[in-house]
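# Sequence and predicted structure below; questions after.
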Amino acid sequence: MYCDKSLKEYLNDLAAKLPAPGGGSAAALNAALGASLISMVINFTINKPKYAAYEEELKGILEKSEKIRREFLNLVDLDVTAYQSKDARNALNVPLMVARLCFEGIKLCPPLIKKGNVNLISDVACAAILLESGFASACFNIEINLKFLQDEKLTSSVRKELKEKQTRIRKIRQDTEVKVGKIIRW
């Protein structure tokens, strides 16, 4: 699977005339990049005297971001497996997990605006953008799988959940961009 291969190999296969990896796997990788940036910001913040008051909170956020990052990376491969299984329910579950994790991941960004190393503040905004992008990409994969399943009750429930999460994700990303913009545009 791709988790143990080079990024070059993954991108070559993604670009090739192959059925998988595809958009769902790419959404998970994109979101993993966002979670990785969160971890990077924290790793450059902890053990700095200037941020000592936030040390324990930041370590807790780092633990969450690393867990989410590992899950996204696992989903890169799970999406390929789900697509190859030709099981629409399984193919729906993977991007749904990606969307839910993006929601959890983006909630880690706002505290970093104040408590993260100011020299990496632009990376906080990049993380929020990547996580929102991963969410949006996952939603398209969810929709196509819902179409194939033709389960109205499930479709209604999933769409309701995603609409609520989308509203919150957009707000967090927009607020993050505005606040980071004010910090870097002295």
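In hand now; what should we look at?
# Can you pull the poorly scored residue ranges out of the protein?
In the predicted model, the chain carries pLDDT under 70 at residues 186.
# So which residues of it form strands?
Using DSSP state E, no strands are assigned anywhere in the chain.
# So for the chain, which residue is the most central one in space?
The centre of the chain sits closest to residue 31, judged by C-alpha atoms, centre = their mean, with a distance of 2.8 Å.
# Find the nearest non-adjacent residue to that one, please.
Using C-beta to C-beta, 6 or more residues apart in numbering and skipping residues adjacent in sequence, the residue nearest residue 31 is residue 134, 3.0 Å away. C-betas here are computed from N, CA, C, even on glycine.
# So residue 110 sits against residue 173, correct?
No: contact between residue 110 and residue 173 fails when scored by C-beta atoms under 8 Å: they sit 10.3 Å apart.
# okay, those two: which has more neighbours?
Using other C-beta atoms under 10 Å, the more surrounded residue of residue 110 and residue 173 is residue 173, with 21 against 15.
# List the contacts of that one.
Residues touching residue 173, when contacts are defined by C-beta atoms under 8 Å, 6 or more residues apart in numbering, comprise 106, 128, 129, 131, 132.
# quick one: the first one from residue 85, how far?
When you say that, I think you mean residue 106. Taking C-beta to C-beta, to the nearest Å as the measure, residue 106 and residue 85 are separated by 29 Å.
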